[in-house]
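Engineer: Quick one: sequence plus predicted model below, questions after.
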Number of protein chains: 2
Amino acid sequence: MHPVRFTAQTSSDGVVERDFLIGEIPGVLWSPATGSPHAPLVLMGHGGGLHAKTPAQAARARTLVTAHGYTVAAIDAPGHGQRPRSADDERARTGMREAVAGGDADRFESVSVRYALDLAQRAVPEWQATLDALQQLPEIGADTPVGYGGGISLGTAIGIPLTAAEPRIRAAIFGGGFFVYEQQLAAARRITVPVQFLLPWDDEYVDRRSCLDLFDAFGSAEKTLHANPGDHRRVRWVGVDEQFLPRHLGTAK
Amino acid sequence: MHPVRFTAQTSSDGVVERDFLIGEIPGVLWSPATGSPHAPLVLMGHGGGLHAKTPAQAARARTLVTAHGYTVAAIDAPGHGQRPRSADDERARTGMREAVAGGDADRFESVSVRYALDLAQRAVPEWQATLDALQQLPEIGADTPVGYGGGISLGTAIGIPLTAAEPRIRAAIFGGGFFVYEQQLAAARRITVPVQFLLPWDDEYVDRRSCLDLFDAFGSAEKTLHANPGDHRRVRWVGVDEQFLPRHLGTAK
């Protein structure tokens, strides 16, 4: 097993941000400057084409740290951020770009689905190795509650099979903004932990019905859908339940 | 114009409950025992077969009074609670009961739609007369912010045309649990105030797609859908934004 190797550290506004490597996976850990050990740990998955420190994700992580005393971890998805891209990665990205430029919605969907499925298969074991390594840190430990903190798009395409496979995750935030495929529905049916699902109501490419079918598929007794107007880049989230993670993971003592 | 005539008053747990008559419309007004004048006013519409003081509605009204200092008003819908039923009311109720007992879903829907449409047409002018009369009370006044506070089922079937017709309503809570018909969609398109929409995900009779179409139809720039598992009698609401009304109506000074 690869241990966590910290490579940089900064601190601002009461939040410590530490870059790390676990084997070849780069990531970042946000934690309170003066926190308690064994605070709940939230895993955050960035959107397609973005990376672990994408500003919106970093801002959300910092809010979770300061509001609840959580530790938040993010890693670059395969082929994203600082990570090398394979020839397949490049082909998929070029294919999606060309399909959008050419207005070919069917091709955009088929390339996106193939790419998301491939990324999810590669990312799930990486997240599990990351979780193994993080739990070896004395300030985290093996017994701390773990949640998946979003977000929409690729973060959910990876988060759903991860949560289905990973009993350590006790609650999960998912969302729309990507093409739902049969393997996602099958994984969603195996998920029984509480789910919060964020649906951008007017996605430009994705038929909202497929995301509603995905929400329907979760096996969880507690699941809540929040929908707001806008597509997944321009949605303005209003009225989302900010107590979802604290209710299921607790807060830091 | 009929004035508000108070007929009974009780007080408990810091909430004053006053029964009233406005002409022949019976209703109830909940307000803080020690409150400020001109507090925001919330109108609540009960579900089909129920009445203004239905326990769940009374409990919700009391929460709004104690949490935000609001005044809350409810009236019995036509043919409901203390009000006489016409021969048409009786026929509709019998028709719905027989359709459910006989498992005739199509008839249940057609009788329900006709009845809801009839009730809404009778109830909108009653609500407007109620609002006129309440605003004559010195503790309410003409300038206080007004919201429609739900609920689902008949409360929404009446609340949508009311909100579409009534510029005094600044924000509205609606919900699923009833058969959506074309006149509802048309009224929803005319509504532009912020809307919170509560969708029981698994209604026994109502196809959720019709309620999703209704949410889609609202002309409001701010609208948020919250969905939870369960039908409209058994849904357990989790994660609903309790700050929706305070955000749009303010709280009592």
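Structural biologist: Now that the structure is in, tell me what you want to look at.
Engineer: so who does the residue positioned nearest the centre of chain A touch?
Structural biologist: Centroid-nearest residue in chain A, with CA atoms, centre = their mean: A:G45, separated by 2.2 Å. Applying CB atoms under 8 Å, 6 or more residues apart in numbering or on different chains to A:G45 gives the contacts A:A74, A:A77, A:A123, A:Y148, A:G150, A:G151, A:L154, A:G155, A:T156, A:I158, A:G159, A:L162. Bear in mind the C-beta positions are built from the backbone N, C-alpha and C, glycine included.
Engineer: which of the residues you listed lies closest to A:P138?
Structural biologist: Nearest to A:P138 among the contacts of A:G45 is A:A74, at 20.9 Å by CB to CB.
Engineer: Just say helix, strand or coil for that closest one.
Structural biologist: strand (DSSP: H, G, I helix; E, B strand; the rest coil).
Engineer: Buried residues in the longest helix seen in chain A, which are they?
Structural biologist: In chain A, assigned by DSSP state H, the helix with the most residues is helix A:105-135. Across helix A:105-135, burial judged by 16 or more other CB atoms under 10 Å in any protein chain shown covers A:108-109, A:111-113, A:115-120, A:123-124, A:126-127, A:129-135.
Engineer: One more: stretch A:222-230?
Structural biologist: Using 16+ other CB under 10 Å as the test for burial, stretch A:222-230 gives A:E222, A:K223, A:T224, A:L225, A:H226, A:A227, A:N228, A:P229.
Engineer: where's A:L225, which helix or strand?
Structural biologist: Per DSSP states H and E: A:L225 is located in strand A:223-228.
Engineer: That strand vs chain B: in contact?
Structural biologist: Yes - against chain B, strand A:223-228 shows contacts by CB under 8 Å from any CB of the partner chain at A:K223, A:T224, A:L225, A:H226, A:A227, A:N228.
Engineer: State the mean pLDDT of the helix or strand in which A:E17 is found.
Structural biologist: A:E17 is part of strand A:15-22, with elements assigned from DSSP H and E. Summarised as a single mean, pLDDT over strand A:15-22 is 97.
Engineer: wait, what's in contact with A:L41?
Structural biologist: If you count contacts by CB under 8 Å, 6+ apart, A:L41 has them with A:Y70, A:T71, A:V72, A:A73, A:L134, A:I140, A:T144, A:P145, A:V146, A:G147.
Engineer: which one is the third one nearest to, not counting chain neighbours?
Structural biologist: Pointing back at A:V72 there. In space, A:V72 comes closest to A:A61 once its chain neighbours are excluded; the distance is 4.0 Å by CB to CB, 6 or more residues apart in numbering or on different chains.
Engineer: now the host helix or strand of A:A58, how far from the centre of its chain.
Structural biologist: Assessed by DSSP H and E, A:A58 sits inside helix A:55-68. Its chain's C-alpha centre and that of helix A:55-68 lie 13 Å apart, by CA atoms, centre = their mean, to the nearest Å.
Engineer: Please tell me I have it right and A:D19 contacts A:T7.
Structural biologist: Yes - A:D19 lies in contact with A:T7 (CB atoms under 8 Å); the separation is 4.8 Å.
Engineer: Pairing partners for the strand holding A:L225, with directions?
Structural biologist: Strand A:223-228 has its sheet partners listed here by DSSP bridges as strand A:195-200 (parallel), strand B:223-228 (antiparallel).
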